[in-house]
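> Pasted the sequence and its predicted model underneath.
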Amino acid sequence: MFFGFEILVGVFTGVLLATIVVLVVQIRSTSQVNKLTFPAYEYAMKKAEYDAETLIADARKSARTIITDAEQAGHETISGYTTQATEIHEQYKELLAGQTKSIANSLQEVSDRQVHALEEIVASTEGSISVEQKKIGDSVLRTNESITKTAQQIEHTAHESILALQTNIEKVGKDLEKQLHTIETSGEEKLAAHLDAMQKTADAHIATYEASRTKLMDAHIEQLVESVVSKVLHTQLPVSEHASLARAALEEAKSKHIL
Amino acid sequence: MSTDVTTILLVIQKNTFTVADMHRRLGLLRQCVETALFTESDTPLLQVCTENISKEGDEDDVQAVLAWGEPVLAAFTREDVHKKMIDLHAAIEDLPLLTLYIPMEFSSAEMTTIGQWCRTQCDQSILLDVHIDAHVVGGCAFVWNDTYHEFSFRSRIKEQAGVITNTLSSYAK
């Protein structure tokens, strides 16, 4: 782990130096340079580049070595840590088992004590309940006695009330019967009078209807007889007889002092 | 009205009893008298009238007018024929009138009988205004003193209204 950090510092330093060199070369190449001196600069630059590349290659190589070492050291360290962790886990497991066992024992003891205390409480409570039950039974007995007494009193009172009510009902019944009898009698009389009046009206209507029907029938019969007799007289009676009848009619009128 | 008209009317009334006969026969009389009066002829007036009447009208009327004879036929002159005819009609209008309804037309003889009976029983100068009404069969009807009276089968059956239904009702009981 620590070696890995050192490798990273080394790589960082190499990269920083290479960057500085590249910057210097760049600065020198970009300033006003005489065209005549360009090949020398170019050479210098090439050389610098070469040196830089060499440095970079060395740095890379050393970096690779450092990385390889760091990886190896890392693997070893991790292996060690894993072993330590396994050992620690085993230890913790044993410790945890022991603690769990002791806690369970403690809990069992506490539970036993509590159960015992609870049993004692229950026993005392049952005793109290028995006492209370006895008290309640006594109260119930007393209550039953008072209820019985009250019921007897109520029964007595109710009996008296019923007797009084029966007396009143009989009295009211007699009064009602008397009133109903009176109403029935007057109702019968009114009904009879109404029926008589209706009967008379109906009789009058029937008589009127009968009279009108009779009158109508009379008119029909009269018309029928008249038409038949007129036809017979017209066709069967000689003119001389008609004349005789006319003369007889005039004589009748004379006898009645009409003429 | 002159005395002559009254006399003429009395003669005419002896064989004429109805208004229709009266007007028809007076028409015949006027026609014949005027023909005789206004025709130049040597023949006596009565003879000419008789001949003219015989040619006109029906047999009953001819016989009735001829029966009136000289008091009627010779009572007119050219001057007064028109006036006398008007007076005659006016006198006839003043005669008492009996409007008579009969079921059919009677013969002249029957009407004469009825007319004579009426003059005997009611008024000496009564005149009949005859109408035919089939409903007054079995008798007759008349208007006298502006009142209608009916003595026919119809009136008699109306007087007996209810007889048939009463009989039927009593039979049904």
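All right, it came through fine.
> got a list of what residue 114 touches?
Because you didn't say which chain, this covers chain A. With contact set as C-beta atoms under 8 Å, 6 or more residues apart in numbering or on different chains, A:Gln114 has no partners. (Glycine included, C-beta is placed from N, CA and C.)
> other chain: chain B
Counting by C-beta under 8 Å, 6+ apart, B:Ile114 has contacts A:Ala243, A:Ala246, A:Arg247, A:Leu250, B:Phe17, B:Leu100, B:Phe106, B:Leu128.
> and which of the residues you listed is nearest to A:Ile66?
B:Leu100 (178.1 Å; C-beta to C-beta).
> element containing the closest one, please.
strand B:97-102 (DSSP states H and E).
> returning to that earlier point: can you flag which of the contacts of B:Ile114 belong to strands?
If you go by DSSP state E, the contacts of B:Ile114 have B:Leu100, B:Leu128 in strands.
> ranking the contacts of B:Ile114 by neighbours, who comes first?
A:Ala246 (28 neighbours; other C-beta atoms under 10 Å in any protein chain shown).
> wait, doesn't it sit right on B:Glu105?
No. Using C-beta atoms under 8 Å as the test, A:Ala246 is too far from B:Glu105 to be in contact (11.7 Å).
> In the strand holding B:Leu100, which residues are buried?
Residues of strand B:97-102 classed as buried: B:Leu97, B:Leu98, B:Leu100, B:Tyr101, B:Ile102 (neighbour count, 16 or more other C-beta atoms under 10 Å in any protein chain shown).
> and that strand, is it in reach of chain A?
Yes. Strand B:97-102 lies within reach of chain A by C-beta under 8 Å from any C-beta of the partner chain, at B:Leu98, B:Leu100, B:Ile102.
> helices or strands next to that strand in the packing?
Strand B:97-102 sits against helix A:239-255, strand B:127-132, strand B:140-144, with contacts defined as 3 or more C-beta pairs under 8 Å, 6 or more residues apart in numbering or on different chains; DSSP states H and E.
> at 6 Å what do you get?
strand B:127-132, strand B:140-144 (3 or more C-beta pairs under 6 Å, 6 or more residues apart in numbering or on different chains; DSSP states H and E).
> and these, which is most packed in?
Mean neighbours per residue, mean count of other C-beta atoms under 10 Å in any protein chain shown, is largest over the helices and strands packed on strand B:97-102 for strand B:140-144, with a mean of 21.
> tell me the angle of the following helix or strand past it relative to strand B:140-144?
Moving toward the C-terminus from strand B:140-144, the next helix or strand (DSSP H and E) is strand B:147-151. Here the directions of strand B:147-151 and strand B:140-144 differ by 160 degrees (axes from the mean of the first three to the mean of the last three C-alpha atoms, to 10 degrees).
> State the mean pLDDT of strand B:147-151.
Averaging pLDDT along strand B:147-151 gives 95.
> what separates stretch A:237-250 from the chain centre, distance-wise?
For stretch A:237-250, the distance from its own C-alpha centre to the chain's C-alpha centre is 112 Å (C-alpha atoms, centre = their mean, to the nearest Å).
> no wait, stretch A:126-146
Distance, centroid of stretch A:126-146 to centroid of chain: 48 Å (C-alpha atoms, centre = their mean).
> CA atoms only: put it into CSV for me.
Extracted in CSV, the C-alpha atoms of stretch A:126-146 (Å, rounded to 0.1, in the frame of the first residue of the first chain):
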residue,chain,number,x,y,z
GLU,A,126,-56.0,-15.8,42.9
GLY,A,127,-56.4,-15.5,46.6
SER,A,128,-57.6,-12.0,46.2
ILE,A,129,-60.0,-13.1,43.5
SER,A,130,-61.4,-15.8,45.7
VAL,A,131,-62.0,-13.3,48.5
GLU,A,132,-63.6,-10.9,46.0
GLN,A,133,-65.6,-13.7,44.6
LYS,A,134,-66.9,-14.6,47.9
LYS,A,135,-67.8,-10.9,48.5
ILE,A,136,-69.5,-10.8,45.2
GLY,A,137,-71.5,-13.9,46.0
ASP,A,138,-72.6,-12.4,49.2
SER,A,139,-73.6,-9.2,47.4
VAL,A,140,-75.5,-11.2,44.8
LEU,A,141,-77.4,-13.0,47.6
ARG,A,142,-78.2,-9.8,49.2
THR,A,143,-79.2,-8.3,45.9
ASN,A,144,-81.4,-11.3,45.1
GLU,A,145,-83.1,-11.0,48.4
SER,A,146,-83.8,-7.4,47.9
